[in-house]
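*Asks:* Below are the sequence and a predicted model for it; my questions follow.
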Amino acid sequence: MATFKLEIAPLSGNTWVDITPYIAFRGLKWSRNDIDAANSGRGTQDGKMHRHRVALKIRLDVECKPLTAEEAHIVLQAIYPQWVRVRYYDIQSGATVTKKMYSNNIPATFFLQDGDVQKWDGITFPLIEQ
């Protein structure tokens with residue numbers, strides 16, 4: 001099996017940014033999200049669950065290790081576009097996949113200034129399949 005990489009690129013263009021070196025230890029969480037139809041649920045008198053799954057979407061939750069200002073800039077610029085292409089090894093399919101995803105609500109906390117070096121922490125963000 002190849003070494004794991006998480007790469008991001010804008011929808012147009014072929015400039016991929018490998019953000020793997022910026023991810024914290026245990027800083028990547030994969031999840032499958034089921035999208036159910038509006039009529040799914042236990043809304044009937046028999047109390048049974050009625051599911052009507054209409055789609056499956058993958059979500060990657062990324063937590064970065066403490067980054068210099070320059071490193072934080074690389075990561076934040078990579079996920080800045082409204083839509084990006086994300087290439088990674090998907091554990092469910094067992095293959096490297098490329099998906100159109102978006103990200104939102106991205107915090108960053110300034111926590112250290114050592115001479116000219118700034119460090120930023122708490123950079124976390126989701127990558128959510130379209």
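*Replies:* Thanks, I have the structure now.
*Asks:* how close does Lys29 sit to Ile23?
*Replies:* The gap separating Lys29 from Ile23 is 11 Å, by Cβ to Cβ, to the nearest Å. In short, each C-beta sits where N, CA and C put it, glycine included.
*Asks:* Please say which of these two ends up with more neighbours.
*Replies:* The residue with more neighbours, out of Lys29 and Ile23, is Ile23; 16 against 11, by other Cβ atoms under 10 Å.
*Asks:* give me the beta-bridge partners of the more buried one?
*Replies:* Counting by DSSP bridges, Ile23 is bridged to Cys64.
*Asks:* what are the pairing partners of the least confident helix or strand in the chain by mean pLDDT, and which direction each?
*Replies:* Lowest on mean pLDDT, DSSP states H and E among the helices and strands of the chain sits strand 109-114, with a mean of 90. If you go by DSSP bridges, strand 109-114 pairs up with strand 117-121 (antiparallel).
*Asks:* For the helix or strand just after the strand it pairs with, give me every contacting residue.
*Replies:* Where DSSP states H and E defines the elements, the next helix or strand beyond strand 117-121 is strand 124-129. Contact with strand 124-129 is made by 8, 57-64, 79, 84, 86, 99-107, as judged by Cβ atoms under 8 Å, 6 or more residues apart in numbering.
*Asks:* how about the CA coordinates for stretch 82-94, as PDB?
*Replies:* The C-alpha coordinates for stretch 82-94 follow below in PDB (Å, rounded to 0.1, in the frame of the first residue of the first chain):
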ATOM      1  CA  GLN A  82     -15.900  27.300  -2.500                       C
ATOM      2  CA  TRP A  83     -15.300  23.900  -4.100                       C
ATOM      3  CA  VAL A  84     -12.100  21.900  -4.300                       C
ATOM      4  CA  ARG A  85     -10.900  18.500  -5.500                       C
ATOM      5  CA  VAL A  86      -9.600  16.300  -2.700                       C
ATOM      6  CA  ARG A  87      -7.500  13.200  -3.500                       C
ATOM      7  CA  TYR A  88      -6.900  10.700  -0.700                       C
ATOM      8  CA  TYR A  89      -6.900   6.900   0.100                       C
ATOM      9  CA  ASP A  90     -10.500   6.000   0.900                       C
ATOM     10  CA  ILE A  91     -10.700   3.200   3.500                       C
ATOM     11  CA  GLN A  92     -14.200   2.100   2.400                       C
ATOM     12  CA  SER A  93     -13.400   1.700  -1.300                       C
ATOM     13  CA  GLY A  94      -9.800   0.600  -0.700                       C
END
